[in-house]
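Student: next input, structure requested:
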Amino acid sequence: MKKLNLITVIITMITFGFSLESCGSSSEDIQEPKKEEPKEEPKEELITCTEETYNTVLPSPTEQFDITKWELTWKDEFDYDDSELETNWTSQNGASGTLCSRWRENAVVKDGVLELQARKETRAGQDWTCGNIWTKETFGFGYYEAKYKYAGASGTNNSFWLFPRDKSINDSELICELDINEGHFPNEVNTNRHHWQNGSSENSQQPYTEGLSPGYAHSFENAITTKRIRFSSNNANHFHIREFRIFEENSSCKFPSDIQDNNADISVDGLNNLSKNSGITITSSGTLNDTYDVYDIADGSITTSWVSQKTGEKWLEFEWPSEKDIGHIQFINGWKSGNNWNALISDYKIEARVNGEWIEIASYDAKVDYNYAEQYHLYGMNWNADSIKFYFDNKLIKTIPNTLCDKELNIFLSLAILEHAGEVTDAINGTSMKIDYVKYYEHK
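Tutor: The predicted structure follows:
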């Protein structure tokens, strides 16, 4: 009985073991469970646009002066020794109504050029000295032309003008003053006419400046990721910024082309002007006075503006609580009178704060291409009984009617230092207005 039970157990075990092997699978047939492929994180698509810079183009003069219709009747090319200057000219010696006194020693002829020199020295109770001369002869209707370079510093007034030396602006009779150019460094041309009587006059000054624009725009090839943007300028005087737009990256790469458009923010689909972001902080280097608010540069109106302080570096800073992707920046500067833009800035730089450093992303400097202290230019005026026409490099830039100026006048060449010509600094010391020649023509 015990043997039977033992045999039964053995048989049962063999049978059970065989059944397990039969019901199982061979090692070749066993398949590992499939592993799920890891899901790729969605990649951020890099938007690449065209790097582009553009500006508001101002009208350029086209009418040319025709010298063939005129006869040269008087000239001074300063091709003589300095001691001979008094042959044609008289020098001022004493204080003036500007920031400098004027002296013969500051009018120096050398190498065929007359230099009207600016020096930081105290004479006649003024902290600066300059040169100023006028012709002994007087002249009437005709064409006047001078070729000269500006003194190379802000605050200088480089003038070629006509005035009766034997008269005064305080006289009761009407006195004419014709300013062919009161030039300000680096490239501002100012023409004017005054009818002086009893110390007062009207003002018809109109600036003409090459290479400047009321509106500038910069698109970036790849977005600038930053929390801070900085705009700065060393412009010689205070200036207006009317609107400063910082647009977020746009997948269409399209941004406003009309910089002066009040509706620029909605002129292209998908625009986001970050200058108007609710969390933005805008700070500045200062203001001309308390009537100007720095946030006016982001109020959507080109009729309001921030106006900088007069001196020192002028700057604006924009800061957001978190980083932004910036695709385009544009701004409007200056102020408009009629069809003319005034007080346009001569330089600027735009920077972004990236990885703890300020990185320049856009800039412009008119002094690179339009520096009238480095280049000679022609300044001319056609004065006749009916009109007064002003020319720059033989191109007509302004015409006004002549109703009262009919008496002969002296020709003046003057260097002055004036606050309204830009910040007055020691950089003026040693500069000079350099005149190659002065010529007078009469109509054939």
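Student: now the strands for the stretch 1-150 of the chain?
Tutor: For the stretch 1-150 of the chain, strands defined by DSSP state E, counting those that start in this stretch occupy the ranges 52-55, 70-76, 89-91, 100-102, 107-110, 113-117, 128-130, 132-139, 142-149.
Student: wait, which of those strands is closest to Ala385?
Tutor: strand 142-149 (11.5 Å; CB to CB). All C-beta spots, glycine's among them, are computed from the backbone N, C-alpha and C.
Student: now the angle from that closest one to strand 70-76?
Tutor: Taking axes from the mean of the first three to the mean of the last three CA atoms, to 10 degrees, strand 142-149 and strand 70-76 form an angle of 50 degrees between their directions.
Student: gap between Tyr292 and Ser101?
Tutor: To Ser101, Tyr292 is 36 Å away according to CB to CB, to the nearest Å.
Student: pick out whichever of those two has more residues nearby.
Tutor: Taking other CB atoms under 10 Å, Tyr292 and Ser101 do not tie; Ser101 has more neighbours (22 against 19).
Student: the residue lying closest to that one once chain neighbours are set aside: how many residues sit nearby?
Tutor: With sequence-adjacent residues excluded and distances taken as CB to CB, 6 or more residues apart in numbering, Ser101 is closest to Ala124, at 3.9 Å. Neighbour count for Ala124, taken as other CB under 10 Å: 13.
Student: quick one: pLDDT of Ala124?
Tutor: As predicted, Ala124 sits at a pLDDT of 97.
Student: how about Ser432?
Tutor: pLDDT recorded at Ser432 is 98.
Student: I'd say it and Ala118 touch.
Tutor: Yes. Contact criterion CB atoms under 8 Å: Ser432 and Ala118 qualify, at 6.5 Å.
Student: overlap of the contact sets of these two?
Tutor: Ala151, Leu415 (CB atoms under 8 Å, 6 or more residues apart in numbering).
Student: which parts of the helix or strand hosting Leu316 are buried?
Tutor: Assessed by DSSP states H and E, Leu316 sits inside strand 314-333. Across strand 314-333, burial judged by 16 or more other CB atoms under 10 Å covers 314-318, 320, 324-333.
Student: spit out the contact partners of the residue lying closest to Ala352 once chain neighbours are set aside.
Tutor: Closest residue to Ala352 apart from its sequence neighbours, by CB to CB, 6+ apart: Thr226 at 4.3 Å. By CB under 8 Å, 6+ apart, the residues touching Thr226 are Glu323, Lys324, Ile326, Ala352, Arg353, Val354.
Student: which of those lies closest to Asn262?
Tutor: Ile326 (22.0 Å).
Student: what is the burial count for the closest residue to the closest one other than its chain neighbours?
Tutor: In this structure, Ile326 finds its nearest non-sequential neighbour in Ile224, 4.4 Å apart by CB to CB, 6+ apart. Per other CB under 10 Å, the neighbour tally for Ile224 reads 23.
Student: which positions within the helix or strand where Ile224 lies qualify as buried?
Tutor: If you go by DSSP H and E, Ile224 is part of strand 215-233. The neighbour-count check on strand 215-233 (16+ other CB under 10 Å) flags 215-220, 223-224, 226, 228-233 as buried.
Student: just the CA coordinates of it, formatted as CSV?
Tutor: Presented in CSV, the C-alpha positions along strand 215-233 are these (Å, rounded to 0.1, in the frame of the first residue of the first chain):
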residue,chain,number,x,y,z
GLY,A,215,11.2,108.6,-38.0
TYR,A,216,13.5,105.5,-37.7
ALA,A,217,12.7,101.8,-37.7
HIS,A,218,14.7,98.6,-37.0
SER,A,219,13.5,95.0,-37.6
PHE,A,220,15.6,92.2,-36.2
GLU,A,221,16.5,88.9,-38.0
ASN,A,222,15.9,87.0,-34.8
ALA,A,223,13.9,88.2,-31.8
ILE,A,224,15.8,90.0,-29.0
THR,A,225,14.9,88.3,-25.7
THR,A,226,15.2,90.8,-22.9
LYS,A,227,13.5,92.6,-20.0
ARG,A,228,15.2,95.9,-20.6
ILE,A,229,15.6,98.2,-23.6
ARG,A,230,17.7,101.5,-23.5
PHE,A,231,17.7,104.4,-26.0
SER,A,232,20.4,107.1,-25.7
SER,A,233,21.6,110.1,-27.6
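Student: listing partners with orientation, what would you give for it?
Tutor: Here strand 215-233 is paired, per DSSP bridges, with strand 52-55 (antiparallel), strand 314-333 (antiparallel), strand 347-354 (antiparallel).
Student: so how far is Ser363 from Glu243?
Tutor: Glu243 sits 19 Å away from Ser363, going by CB to CB.
Student: ugh, wrong one, Phe163
Tutor: 41 Å.
Student: so for those two, which residue has more residues nearby?
Tutor: More crowded of Phe163 and Ser363, by other CB under 10 Å: Phe163, with 20 against 13.
Student: contact partners for the more buried one?
Tutor: Phe163 neighbours (CB under 8 Å, 6+ apart): Trp134, Ile175, Cys176, Glu177, Leu178, Leu409, Asn410, Phe412.
Student: what bridges to it?
Tutor: Here Phe163, judged by DSSP bridges, has bridge partners Asn410.
Student: dump the strands of the stretch 1-150 of the chain to TSV, plus distance to Thr303 and mean pLDDT.
Tutor: Converted to TSV, the strands of the stretch 1-150 of the chain look like this (distance: least, CB to CB, whole Å; pLDDT from 0 to 100):
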stretch	distance to Thr303	mean pLDDT
strand 52-55	21	96
strand 70-76	45	98
strand 89-91	48	98
strand 100-102	38	98
strand 107-110	46	98
strand 113-117	41	98
strand 128-130	39	98
strand 132-139	41	98
strand 142-149	38	98
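Student: which one, of those, ends up nearest to Ile359?
Tutor: Set against Ile359 and scored by CB to CB, these come closest in strand 52-55, at 16.8 Å.
Student: tell me how far the residue nearest to His218 when sequence neighbours are not counted lies from Tyr370.
Tutor: Distances taken as CB to CB, 6+ apart place Ala362 nearest to His218, at 4.2 Å, with adjacent residues excluded. From Ala362 over to Tyr370 the distance is 19 Å, taken as CB to CB.
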